[in-house]
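[1] Got a sequence here, can you model it:
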Amino acid sequence: MPSYRHGPRRGCGVICWFEAWREFGAEIDELQDEGDVVLAVVNVSGQGEESGMDIAQRVFHVFELPNGRILRMREFLERAEALEAAGLRDPG
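    Model (predicted):
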């Protein structure tokens, strides 16, 4: 078992999240680049390691990139919420 800061498993974040999947994939469907803010529309799919349950879902990632470096990434299940959080409008 890997060791993490403050003991096993505590604070393992993304590493532990990926360990929950037998299979996992993500495909970018659309990007809206506004310089310091980027909206990525992502199709994710996978199968749970323990449950064997399949998942397929579209999610919306908002990246904040002041000075060209990722400061924060937030994930939303609804496009309208992601656009509002990013201060963007739907280009369509």
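[2] any residues touching stretch 30-50, and which ones?
    Residues from elsewhere that reach stretch 30-50, judged by CB atoms under 8 Å, 6 or more residues apart in numbering: 19-29, 53-66, 79, 82-83, 86-88, 91. C-beta coordinates here come from the backbone N, C-alpha and C atoms, glycine included.
[3] In strands, which of those fall?
    Among the contacts of stretch 30-50, DSSP state E puts 21-29, 54-64 in strands.
[4] In PyMOL, select just the buried ones from these.
    Buried residues among those (16 or more other CB atoms under 10 Å), as a PyMOL selection:
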select buried, resi 59+60+61+62+63
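[5] what are the ranges of the helices in the chain?
    For the chain, applying DSSP state H gives helices covering 14-19, 79-86.
[6] Check those for me and report the most buried one.
    Ranked by mean neighbour count, these are led by helix 79-86 with a mean of 16 (mean count of other CB atoms under 10 Å).
[7] Which secondary structure elements does it sit against?
    Here helix 79-86 touches strand 37-48, strand 54-64, strand 72-76, going by 3 or more CB pairs under 8 Å, 6 or more residues apart in numbering; DSSP states H and E.
[8] Let me have the ones you listed in TSV, extended by distance to Val14 and mean pLDDT.
    Below are the helices and strands packed on helix 79-86 laid out as TSV (distance: least, CB to CB, whole Å; pLDDT from 0 to 100):
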stretch	distance to Val14	mean pLDDT
strand 37-48	14	95
strand 54-64	14	96
strand 72-76	11	94
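[9] wait, which of those strands is closest to Gly13?
    Closest approach to Gly13 among the helices and strands packed on helix 79-86 is made by strand 72-76 (12.4 Å; CB to CB).
[10] Dump the helices and strands packed on helix 79-86 into JSON lines; add distance to Gly13 as well.
    Formatted as JSON lines, the helices and strands packed on helix 79-86 follow (distance: least, CB to CB, whole Å):
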{"stretch": "strand 37-48", "distance to Gly13": "17"}
{"stretch": "strand 54-64", "distance to Gly13": "16"}
{"stretch": "strand 72-76", "distance to Gly13": "12"}
